[in-house]
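> Based on what follows, work out the 3D shape:
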Amino acid sequence: MLAGDRVYRIHWVLGTDRLRAVCHCGAEREFEDPVQLWDWLLAHPEGH
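Here you go, the predicted model:
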């Protein structure tokens with residue numbers, strides 16, 4: 001498994017249209033819009 005300061009994980013929430021983003025800092029959040037998901041991940045640490 002990859003590890004480090006810039007490893008992001010995106011999981012599809014089974015049975016939904018939602019995606020779960022996991023930042024390298026351990027923060028998690030669910031999104032319906034992939035653009036908002038990436039904006040949130042790449043804006044670290046703002047919004048975490």
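
> partners of the residue nearest the centre of the chain in the sheet?
Closest to where the C-alpha atoms of the chain average out (CA atoms, centre = their mean) is A21, at 1.9 Å. For A21, the beta-bridge partners are I10, R29 (DSSP bridges).

> show me the contacts for it.
By CB atoms under 8 Å, 6 or more residues apart in numbering, the contact set of A21 is Y8, R9, I10, E28, R29, E30, F31, L37, W40, L41. Quick note: C-beta positions are derived from backbone N, CA and C, even for glycine.

> hang on, isn't the third one packed against E30?
No: at 10.6 Å, I10 does not count as touching E30 under the criterion of CB atoms under 8 Å.

> shared neighbours of these two, which are they?
Joint contacts of I10 and E30 (CB under 8 Å, 6+ apart) are L19, R20, A21.

> Tabulate those residues (a markdown table), appending pLDDT.
Converted to a markdown table, the shared contacts of I10 and E30 look like this (pLDDT from 0 to 100):
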| residue | pLDDT |
| --- | --- |
| L19 | 97 |
| R20 | 97 |
| A21 | 95 |
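
> possible to save these as TSV with distance to G47?
Shown next, in TSV, are those (distance: CB to CB, whole Å):
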residue	distance to G47
L19	16
R20	15
A21	11
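
> how much space is there between I10 and C23?
I10 sits 10 Å away from C23, going by CB to CB, to the nearest Å.

> Quick one: the strands in this structure, in order.
Along the chain, counting by DSSP state E, strands occupy 9-12, 19-22, 28-31.

> most neighbours per residue, which of the ones you listed?
Across the strands of the chain, averaging neighbours per residue (mean count of other CB atoms under 10 Å) puts strand 19-22 on top, at a mean of 17.
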